[in-house]
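Participant: Here is a sequence with its predicted model. Questions after.
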Amino acid sequence: MLKLTFLGTSAGVPTKQRNVTALAIECLNPYSSGASQQPKKSRPWLLIDCGEGTQQQLLHTKLSLHQLTAICITHVHGDHCYGLPGLLASAAMSGRREPLMLIAPKAIATLLEAITAPTELYLPFAINFMAIEELLSPDSGSNSQVSISLDSQHQLDIDITLLSHRVASHGFGITQTISQRTLNTDKLTADGIPASALWGKLQQGTDVMTEDGRELRSADYVNNDAKRTRIVVAGDNDTPACLTSALVDTDLLVHEATYTHEVLTKIQAKNPDFDPMHSSAQLVGKFAQDIGLKNLILTHFSARYQSFDNPDSSTANMGHIRLDAQRVYQGNLWLAADFAQYTVDGAVDSISNQEGSQDENRVQYLGSARSNET
């Protein structure tokens, strides 16, 4: 299960209601004592983009920089990365010592180097920098996917897709896989095998021998299940079809919708020599409808759109964005707001029979992180 907290949903500049782009993704394990009761230290999280002010937004959540596992930067425009140096400095001042993975364009390393010396920025933890250009290079082969082992039964895989924007921009595919071995105690009891230490060994995958000489195979008494959750988070992009391959078997797409289609068309017509190379809500919605995508969250809205929802108003607002998408998209649609939280719960596959859950309600809106402030 992945839990999303939007820390910034404005395009280009902040507004009174929206900060610039940042998205936190917590990696929850529903097989533990319950995702909501999962200890904080076992709830690693990712940060996708880090616009200016992201660390201030984090103060209104329960997220800790000590549990931050990786930062992924989609592209070099400032509203997606200007908050990175300050966030790293605050992580250092809070006592972080564990290495931190940073997946980003090469220019982000240059940015950090330029700031480090003149500001005497000291980081007491290693930055494991992975340049997107190198990961996507044909020479990288199978190493283009980044795998993070959170524990022996919890893995995260990050893949990268090149998008279409004024600078090189990227989408990140986040795939969480959690495996679980469930002991078939009814079958053990029916076979006359009483509860003992042998049960634990069988559950761990070890074949055992009973006292009366019977050999018990773990595979006969253990069900191996895997819960797979996948989302794709896109950076700035004017061609949603770039993501067609990445969205196969994906539970949710998070994509920019900077304008309505009418406004985008007017901007392009007014200045033919400059294309902002952003998507409209209608453009993303039509693409999602065409490929049969069931869940879509739109974000990265132009500052011209007020936060209220009234499509009949003459003032540009979120109602216009929503209607622009709904005219062409019939799936589950959400318009992100700062501090809005969602859970994404993928399918459970039985490794033995390869049958997955058919539940389509995989994305749930939880409300605002700020409503839980004490």
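Facilitator: Great, that's in hand. Numbering: from 1, shown residues only.
Participant: is it true that S368 touches A337?
Facilitator: Yes. S368 is within contact range of A337, at 7.5 Å (criterion: CB atoms under 8 Å). For the C-beta atoms, the positions are set from N, CA and C on the backbone; glycine is no exception.
Participant: pretty sure I73 is touching L46, no?
Facilitator: No. Between I73 and L46 there is no contact under CB under 8 Å: 11.5 Å.
Participant: Let me see the contact set for the nearest residue to A131 once chain neighbours are set aside.
Facilitator: Closest residue to A131 apart from its sequence neighbours, by CB to CB, 6 or more residues apart in numbering: K106 at 4.6 Å. Contact analysis of K106 by CB atoms under 8 Å, 6 or more residues apart in numbering lists 131-134.
Participant: A246: how many residues sit nearby?
Facilitator: Neighbour count of A246, defined by other CB atoms under 10 Å: 18.
Participant: Repeat that for L123.
Facilitator: Count around L123 with other CB under 10 Å applied: 14.
Participant: tell me the contacts of it?
Facilitator: With contact set as CB under 8 Å, 6+ apart, L123 has these partners: 88-89, 91-92.
Participant: Next: R217.
Facilitator: Contacts of R217 (CB under 8 Å, 6+ apart): D207.
Participant: quick one: low-confidence parts of the chain?
Facilitator: With pLDDT under 70 as the threshold, the chain has low-confidence stretches at 32-42, 140-143, 349-360, 372-374.
Participant: so where do the helices sit in it?
Facilitator: Assigned by DSSP state H, the helices in the chain fall at 54-58, 84-93, 106-119, 132-135, 185-190, 197-203, 218-221, 261-270, 281-291, 318-326.
Participant: May I see the buried residues of stretch 77-97?
Facilitator: Of the residues in stretch 77-97, those buried by neighbour count under the rule 16 or more other CB atoms under 10 Å are 77, 79-89, 91-92, 96.
Participant: hey, where'd the strands end up in the stretch 251-374 of the chain?
Facilitator: 252-256, 295-299, 301-302, 332-335, 340-344, 347-350, 363-368 (DSSP state E, counting those that start in this stretch).
Participant: Nearest to V208 among the ones you listed would be which one?
Facilitator: strand 347-350 (22.8 Å; CB to CB).
Participant: one step back: just give me the closest of the contacts of L123 to K286.
Facilitator: Using CB to CB, the contacts of L123 come closest to K286 at L88, 39.0 Å.
Participant: if I pick the closest one, what's in contact with it?
Facilitator: Listed by CB under 8 Å, 6+ apart, the contact set of L88 reads 100, 112, 121, 123, 127.
Participant: quick one: which of those residues sit in strands?
Facilitator: Applying DSSP state E to those, the entries found in strands are 100, 127.
Participant: Buried among the contacts of L88? Need that as a selection in PyMOL.
Facilitator: Selection of buried members from the contacts of L88 for PyMOL, criterion 16+ other CB under 10 Å:
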select buried, resi 100+112
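Participant: hmm, which two among the contacts of L88 are most spread apart?
Facilitator: Pairwise over the contacts of L88, using CB to CB, the maximum falls at L100 and L121, 14.0 Å.
Participant: from memory L2 sits against V363, does it?
Facilitator: No. Applying CB under 8 Å, one finds L2 not in contact with V363, separated by 9.7 Å.
Participant: intersection of neighbour lists for these two?
Facilitator: Listed as contacting both L2 and V363 by CB under 8 Å, 6+ apart are 343-344.
Participant: Who has more neighbours out of those two?
Facilitator: With neighbours defined as other CB under 10 Å, L2 and V363 compare such that L2 has more, 24 against 20.
Participant: which residues touch that one?
Facilitator: 25-28, 174, 176, 229, 231, 343-344.
Participant: Write the PyMOL selection for whichever of those are buried.
Facilitator: Here is the PyMOL command that selects the buried residues among the contacts of L2 (16+ other CB under 10 Å):
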select buried, resi 25+26+27+28+174+176+229+231+343+344
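Participant: Strands - which of the contacts of L2 land there?
Facilitator: 25-27, 174, 176, 229, 231, 343-344.
Participant: what's the most distant pair in those?
Facilitator: Maximum pairwise distance in the ones in strands among the contacts of L2, criterion CB to CB, is 13.7 Å, between I174 and T343.
Participant: Would you confirm that S218 contacts W199?
Facilitator: No. Applying CB under 8 Å, one finds S218 not in contact with W199, separated by 10.5 Å.
Participant: related to what we said a few turns ago, now for the helices of the chain, which one comes closest to H255?
Facilitator: Nearest of these (CB to CB): helix 281-291, 4.9 Å.
Participant: Including distance to T244, could the helices of the chain go into JSON lines?
Facilitator: Compiled in JSON lines, those are given as follows (distance: least, CB to CB, whole Å):
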{"stretch": "helix 54-58", "distance to T244": "30"}
{"stretch": "helix 84-93", "distance to T244": "30"}
{"stretch": "helix 106-119", "distance to T244": "27"}
{"stretch": "helix 132-135", "distance to T244": "20"}
{"stretch": "helix 185-190", "distance to T244": "44"}
{"stretch": "helix 197-203", "distance to T244": "41"}
{"stretch": "helix 218-221", "distance to T244": "38"}
{"stretch": "helix 261-270", "distance to T244": "20"}
{"stretch": "helix 281-291", "distance to T244": "6"}
{"stretch": "helix 318-326", "distance to T244": "18"}
